[in-house]
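Enquirer: pasting the sequence and the predicted coordinates here, then a few questions.
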Amino acid sequence: MADEDEDIHIRSDDFLTINVANQMFGIPVLQVQDVLREQPVTKIPLASPEVAGSLNLRGRIVTAIDVRRCLSMPDRDEGQNSMSVVVEHNEELFSLIIDNVGEVLSLQKTDFEKNPGTLDPAWKDISTGIFQLEKNLLIIMDVSKLLESIKV
């Protein structure tokens, strides 16, 4: 499965941009199953802190992951809305809880760069590399690494 994920990163030029604590990340479009507005999440007793709980997506139970907690970022302010990006990993659906969704960007493979040495170690662990945009740095998220880094 990891080889398949790597192939997605190599082939994909299109990335869904997401924002988490004012940082822009990109997820290969081929990995995105769905984008949802804020959803009611049911807490799961004794789950790891990154697991926000579970939600019902058209009759299917989906594990909700708080990306802020995965990346050691401060919790969302009280009343601040969130969104979810649904991805599939090991034949199971996960809802990545983020601050908001941006746009789909088509980027040139030649502009892709390896992670800089100054990138936060927590971000390096879940990133395949970066794109330097006009005004922002787009960190390409490796969803498999993100999900494997937590106890689900």
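Expert: Cool, the structure landed. All values derive from a computational prediction rather than experimental measurement.
Enquirer: tell me which element Pro45 falls in.
Expert: Counting by DSSP states H and E, no helix or strand carries Pro45.
Enquirer: and what of the one 3 residues further on?
Expert: Remark: Ser48 resides in no helix or strand, with elements defined by DSSP H and E.
Enquirer: can you verify my assumption that it contacts Ser149?
Expert: No: here Ser48 lies out of contact with Ser149, judged by Cβ atoms under 8 Å, at a distance of 10.3 Å. C-beta here means a position set from N, CA and C on the backbone, and glycine is covered the same way.
Enquirer: ok, these two, which is more surrounded?
Expert: Ser149 (15 against 12; other Cβ atoms under 10 Å).
Enquirer: so for that one, what's the pLDDT?
Expert: The model reports Ser149 with a pLDDT of 86.
Enquirer: same question for Gly79.
Expert: For Gly79, pLDDT reads 79.
Enquirer: with Ser72 instead?
Expert: pLDDT, Ser72: 88.
Enquirer: one more: Pro40?
Expert: On the pLDDT scale, Pro40 gets 91.
Enquirer: what's the weakest-modelled helix or strand in the protein?
Expert: helix 2-11 (a mean of 48; mean pLDDT, DSSP states H and E).
Enquirer: look up how far Gly102 lies from the nearest residue to Asp34 once chain neighbours are set aside.
Expert: Spatial nearest neighbour of Asp34, chain neighbours left out: Val86 (3.9 Å); criterion: Cβ to Cβ, 6 or more residues apart in numbering. Per Cβ to Cβ, to the nearest Å, Val86 is found 16 Å from Gly102.
Enquirer: so between these two, which is more surrounded?
Expert: Comparing Val86 with Gly102 by other Cβ under 10 Å, the one with more neighbours is Val86, at 20 against 15.
Enquirer: what sits opposite that one in the beta ladder?
Expert: Asp34, Ser95 (DSSP bridges).
Enquirer: ok, Val20 next?
Expert: Applying DSSP bridges, one finds that Val20 bridges with Gln23.
Enquirer: give me the pLDDT for it.
Expert: Confidence score, pLDDT, at Val20: 94.
Enquirer: isn't it up against Pro74?
Expert: No: applying Cβ under 8 Å, one finds Val20 not in contact with Pro74, separated by 10.7 Å.
Enquirer: these two: who's more crowded?
Expert: Using other Cβ under 10 Å as the criterion, Val20 and Pro74 rank with Val20 on top: 22 against 8.
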